[in-house]
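> Would you be able to build a 3D model of this:
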Amino acid sequence: MKTLLICSGGLDSITLAYKISKEYTLSGLLSFDYGQRHKKELAYAKQAADDLGVSHYISDISGIGKMLSGSALTDDVDVPDGHYAEETMKITVVPNRNAIMLSIAYGIASAKGLDAVGAAFHGGDHFIYPDCRPGFVNSFAQMQNHALEGMSDITLYTPFVHVTKADIVMEGAKIAVPFERSWSCYKGGDIHCGRCGTCVERQEAFALAGVTDPTQYRDSEYWKEKVA
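So this is what the prediction gives:
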């Protein structure tokens, strides 16, 4: 299964890149510049592509991103501290982001004659991100079957959609994913802040998985308070 993976440079998509490279054929990593404040994640995706010996493509949709206003990731809005299970985290939703990215990925996969598009949606995203839920995944795949009918038969590969981030860490540890070569923090500083939703989730996942976290955090204790 020749697969184009949407890769942000985060822990989940980097782990999926290594998983696909071992189990199938990883045909390339596709990243998006949508004007996100943590744009440094793109360098981690490029690094993963180099490590795995595949092409890295960056689609610049920053012009569209400017119009997707109101999100803490793309607008002049502070990224909140806390856990993803808090209502305050909804400010990090970028409207229709995954639908836009998947549409582009499907077009590229069809043009290149590939078999699948991969995305690292996982169960922990369901509360806060509607475009990471199984219903969205299934409906989008069905829509694309119609959109490319008679042209391509492309699978939407989302093996993590029903599992937790801790499960992803455990699987990544088994296949020796270099977690330190991934970026999660939404604030995009020199090192992970340790306090934003994705940093809290990352630290919690390593703890639940019983895997040593190689990440350097500015605040490595805050997550314990939020999880408790």
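> chain center to the worst-scoring helix or strand of the chain on mean pLDDT, what's the gap?
Every helix and strand of the chain was ranked by mean pLDDT, DSSP states H and E. The lowest is helix 62-67, at a mean of 89. How far helix 62-67 lies from its chain's middle: 19 Å, per Cα atoms, centre = their mean, to the nearest Å.
> repeat for stretch 136-143
18 Å.
> Other residues contacting that stretch?
98-99, 102, 119, 121, 130, 155-156, 158, 161 (Cβ atoms under 8 Å, 6 or more residues apart in numbering). Where you see a C-beta, it was placed from the backbone N, CA and C, and this is true even at glycine.
> Lowest-confidence one in those?
Ranked by pLDDT, the contacts of stretch 136-143 bottom out at P130 (90).
> Not counting sequence-adjacent ones, nearest residue to that one?
Among residues not flanking P130 along the chain, F136 sits closest, at 6.4 Å (Cβ to Cβ, 6 or more residues apart in numbering).
> Averaged pLDDT, the helix or strand where the one you found lies. What do you get?
Using DSSP states H and E, F136 maps to helix 134-147. The pLDDT scores in helix 134-147 average 97.
> check contacts around A43.
A43 neighbours (Cβ under 8 Å, 6+ apart): 9, 183.
> that older thread, and for the residue nearest to P130, the neighbour number?
For F136, the tally of surrounding residues (other Cβ atoms under 10 Å) stands at 19.
> still on that earlier bit, list the buried residues for the helix or strand that the least confident helix or strand of the chain is followed by?
Using DSSP H and E, the helix or strand that follows helix 62-67 in sequence is helix 97-111. The neighbour-count check on helix 97-111 (16 or more other Cβ atoms under 10 Å) flags 97-98, 100-106, 108-110 as buried.
> that older thread, please spell out the PyMOL selection for the buried subset of the contacts of stretch 136-143.
Burial among the contacts of stretch 136-143 is assessed by 16+ other Cβ under 10 Å; the matching PyMOL selection reads:
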select buried, resi 98+102+119+121+155+156+158+161
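> out of the contacts of stretch 136-143, which are inside strands?
Among the contacts of stretch 136-143, the members falling in strands (DSSP state E) are 155-156.
> Pull the most distant pair out of the contacts of stretch 136-143.
Spanning the widest gap among those are P130 and T155, at 22.0 Å by Cβ to Cβ.
> mind listing what the nearest residue to Q203 once chain neighbours are set aside touches?
Excluding its sequence neighbours, the residue lying closest to Q203 (Cβ to Cβ, 6+ apart) is W223, at 4.2 Å. By Cβ under 8 Å, 6+ apart, the contact set of W223 is 194-195, 199-200, 203-204.
> thought S27 was touching M1?
No. Using Cβ atoms under 8 Å, S27 is not in contact with M1; the gap is 9.5 Å.
> picking that back up, out of the contacts of stretch 136-143, which is nearest to V54?
For those, the closest approach to V54 (Cβ to Cβ) belongs to A119, at 16.4 Å.
> wait, what's in contact with the closest one?
A119 makes contacts with 5-6, 13, 16, 98, 102, 105, 137, 156-158, as judged by Cβ under 8 Å, 6+ apart.
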